[in-house]
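**Student:** Let me see the structure of the following:
(4 chains)
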Number of protein chains: 2
Amino acid sequence: MSTVVETPQDIRQRLLEAACDAFREEGYKVSIDRLAARAHVARQTLYNYFPSKDVLFAEAVRHIIQSVLVTLDRDGDVRATLLGFGKAYRAKVLSSEGIAIFRTLMAEAPRFPALAKQFFRQGPQTTRKRLAEYLARAMKEGQLKRDDPDFAAEMLAAMLADFDRLRGLMNLQTDLLKPKKTAQVVDCFLRAFAPEKDTP
Amino acid sequence: MSTVVETPQDIRQRLLEAACDAFREEGYKVSIDRLAARAHVARQTLYNYFPSKDVLFAEAVRHIIQSVLVTLDRDGDVRATLLGFGKAYRAKVLSSEGIAIFRTLMAEAPRFPALAKQFFRQGPQTTRKRLAEYLARAMKEGQLKRDDPDFAAEMLAAMLADFDRLRGLMNLQTDLLKPKKTAQVVDCFLRAFAPEKDTP
DNA sequence: GGACAAATAGACTATACAGTCTAACAAGAC
DNA sequence: GTCTTGTTAGACTGTATAGTCTATTTGTCC
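**Tutor:** Next comes the predicted model:
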């Protein structure tokens, strides 16, 4: 019975993942001892891999950020595409992890402005840009009213998440998904950005 | 030269207001010593008025909550009323105080769930309810499409603040107000909720 | 002026935490 | 078997903090 060998990479990975979970769930204030315990590792071992708590926090956040993007797949007509996006967006943003990441990052944004900026750019900003690109194309093809696509993307994202995210952040509800809501929002959006009717 | 007498009420008030500012600006983690110093008072004096930091925090938050409501004044036609509301809403939510309160409260919501709930109810919830009442009337009068007024209110509030609030929370911009944006949002909203045309 | 109440500065306790250091220990390399 | 390298538990340091206690001062009322 050969035990599997554990490389330094494995330990590092384990530490990083435990840190992601811990910072997400407990915020920056989680103690080094808890971080080490959650990775099943001694405190000194943690310091063998990361020179300080701040560095570990930064690495963990950058790791988490990788998974923040919401994809957008052309999926038939505009409504179907936006429904797909809306569902994915709500699932990500309103998941307990999404809410928790948001909370931790907001709270520490004044102390780690570079991290906050990076999160914003790689997450919401990029998601919005992709959505705007899609909307711009749809506008050009006459499937949507010609308008500022960045503005439109911002509106759709806001409508999809804002109030329910607030509920989640305030710990007021666990069932934030409300499957019917996505369609309600998308249809509302489509009314606002319906193509102008040619009235010759 | 008679110095103005300072009643216990005054000291209490001073403490409370200093605590509001301090918790807003620095979060719950601000130290008791700093709280006392900001009120120009000895630490022991603070403890003469408030038995613990948690109690002071709770009182400060409840005090802050009083000023979170956004008023809504009928102001001519629907568009003008919503423009007035939108401007006031954005001014409040996107002000540096609004952002800071939001950040502090969100960060501590897991530890003070009752406070979070109270904030949510007295602030966003009530504002949304009033807006929904107004919208319901406008719908009944045929000035807006008949639809779920709660949903409509949620959409308008979301569109007015969501993305810019995110920018503010991430410390990415100081000039969040963008006066033209309110009208852009309101017009977008009005397109989505325009009354159905009678097409006989 | 004297008595009383409250404010003050600062010493003190107890706790928690980041980060360092040491000594014992485990496992592969040779 | 021994050497080397990395892990471990736990002692240790230094700092920050919430909250208590005490002795002193201040100001008001009589």
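
**Student:** Using PDB, list the CA coordinates for the helix or strand where A:Arg34 lies.
**Tutor:** Applying DSSP states H and E as the criterion places A:Arg34 in helix A:32-38. Output of helix A:32-38 as PDB, limited to C-alpha atoms (Å, rounded to 0.1, in the frame of the first residue of the first chain):
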ATOM      1  CA  ILE A  32      -3.200  32.600  10.400                       C
ATOM      2  CA  ASP A  33      -3.700  29.600  12.700                       C
ATOM      3  CA  ARG A  34      -7.100  29.000  11.300                       C
ATOM      4  CA  LEU A  35      -5.800  29.200   7.700                       C
ATOM      5  CA  ALA A  36      -3.100  26.700   8.500                       C
ATOM      6  CA  ALA A  37      -5.500  24.400  10.300                       C
ATOM      7  CA  ARG A  38      -7.900  24.500   7.400                       C
END
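
**Student:** quick one: A:Leu135 and A:Met155 touch, right?
**Tutor:** No - between A:Leu135 and A:Met155 there is no contact, the gap being 10.0 Å when judged by C-beta atoms under 8 Å. Bear in mind the C-beta positions are built from the backbone N, C-alpha and C, glycine included.

**Student:** my read: A:Leu82 touches A:Phe193, true?
**Tutor:** No - look at A:Leu82 against A:Phe193 with C-beta under 8 Å: they stay out of range, at 10.0 Å.

**Student:** So A:Asp54 versus A:Phe119, what's the distance?
**Tutor:** 16 Å (C-beta to C-beta, to the nearest Å).

**Student:** more neighbours, these two?
**Tutor:** Per other C-beta atoms under 10 Å in any protein chain shown, whichever of A:Asp54 and A:Phe119 has more neighbours is A:Phe119, with 24 against 12.

**Student:** elements contacting the helix or strand following the helix holding A:Arg34?
**Tutor:** Using DSSP H and E, the helix or strand that follows helix A:32-38 in sequence is helix A:43-49. Helix A:43-49 sits against helix A:8-26, helix A:32-38, with contacts defined as 3 or more C-beta pairs under 8 Å, 6 or more residues apart in numbering or on different chains; DSSP states H and E.

**Student:** What is the helix or strand of chain A with the lowest mean pLDDT packed up against?
**Tutor:** The least trusted helix or strand in chain A, going by mean pLDDT, DSSP states H and E, turns out to be helix A:8-26, with a mean of 93. Contact here means 3+ C-beta pairs under 8 Å, 6+ apart; on that basis helix A:8-26 packs against helix A:32-38, helix A:43-49, helix A:53-65, helix A:96-108.

**Student:** May I see the domains of chain A written out as residue ranges?
**Tutor:** A:8-63, A:69-192 (automatic domain parsing).

**Student:** ok, and which of those domains has the densest surroundings?
**Tutor:** Highest mean neighbour count among the domains of chain A (mean count of other C-beta atoms under 10 Å in any protein chain shown): domain A:69-192, with a mean of 18.

**Student:** Show the end-to-end separation of that domain, please.
**Tutor:** In domain A:69-192, first residue to last residue: 26 Å (C-alpha to C-alpha, to the nearest Å).

**Student:** one step back: nearest to DNA strand C among the domains of chain A would be which one?
**Tutor:** domain A:8-63 (3.4 Å; C-beta to the nearest atom of the strand).

**Student:** Excluding chain neighbours, what is closest to the residue nearest in space to the middle of chain A?
**Tutor:** Taking C-alpha atoms, centre = their mean as the criterion, A:Val68 is the residue nearest the geometric centre of chain A, at 3.5 Å. Closest residue to A:Val68 apart from its sequence neighbours, by C-beta to C-beta, 6 or more residues apart in numbering or on different chains: A:Gly123 at 3.8 Å.

**Student:** Please report phi then psi for that neighbour.
**Tutor:** Main-chain dihedrals, A:Gly123, degrees, to the nearest 10: phi -100, psi -100.

**Student:** returning to that earlier point: let's have the helices and strands packed on helix A:43-49 in JSON lines, adding distance to B:Met159.
**Tutor:** Shown next, in JSON lines, are the helices and strands packed on helix A:43-49 (distance: least, C-beta to C-beta, whole Å):
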{"stretch": "helix A:8-26", "distance to B:Met159": "29"}
{"stretch": "helix A:32-38", "distance to B:Met159": "40"}
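
**Student:** so which of those helices comes closest to A:Pro149?
**Tutor:** A:Pro149 lies closest to helix A:8-26 among those, at 32.5 Å (C-beta to C-beta).

**Student:** got a list of contacts for that closest one?
**Tutor:** Here helix A:8-26 makes contact (C-beta atoms under 8 Å, 6 or more residues apart in numbering or on different chains) with A:30, A:34-35, A:38-41, A:45-46, A:49-50, A:56-57, A:59-61, A:63-64, A:97, A:100-101, A:104.

**Student:** Looking at the helices and strands packed on helix A:43-49, which is nearest to DNA strand D?
**Tutor:** helix A:8-26 (4.9 Å).

**Student:** Retrieve the pLDDT associated with A:Met1.
**Tutor:** Turning to A:Met1, the model gives it a pLDDT of 37.

**Student:** Likewise for A:Ser31?
**Tutor:** 97.

**Student:** Identify the residue nearest A:Tyr134 in space, chain neighbours excluded?
**Tutor:** A:Leu72 (5.8 Å).

**Student:** for the one you found, helix, strand, or coil?
**Tutor:** coil (DSSP: H, G, I helix; E, B strand; the rest coil).

**Student:** tell me the contacts of it?
**Tutor:** A:Thr81, A:Gly84, A:Phe85, A:Ala88, A:Thr127, A:Arg130, A:Leu131, A:Tyr134.

**Student:** okay, how far is it across stretch A:139-148, tip to tip?
**Tutor:** Across stretch A:139-148, first to last residue, C-alpha to C-alpha, it's 9 Å.
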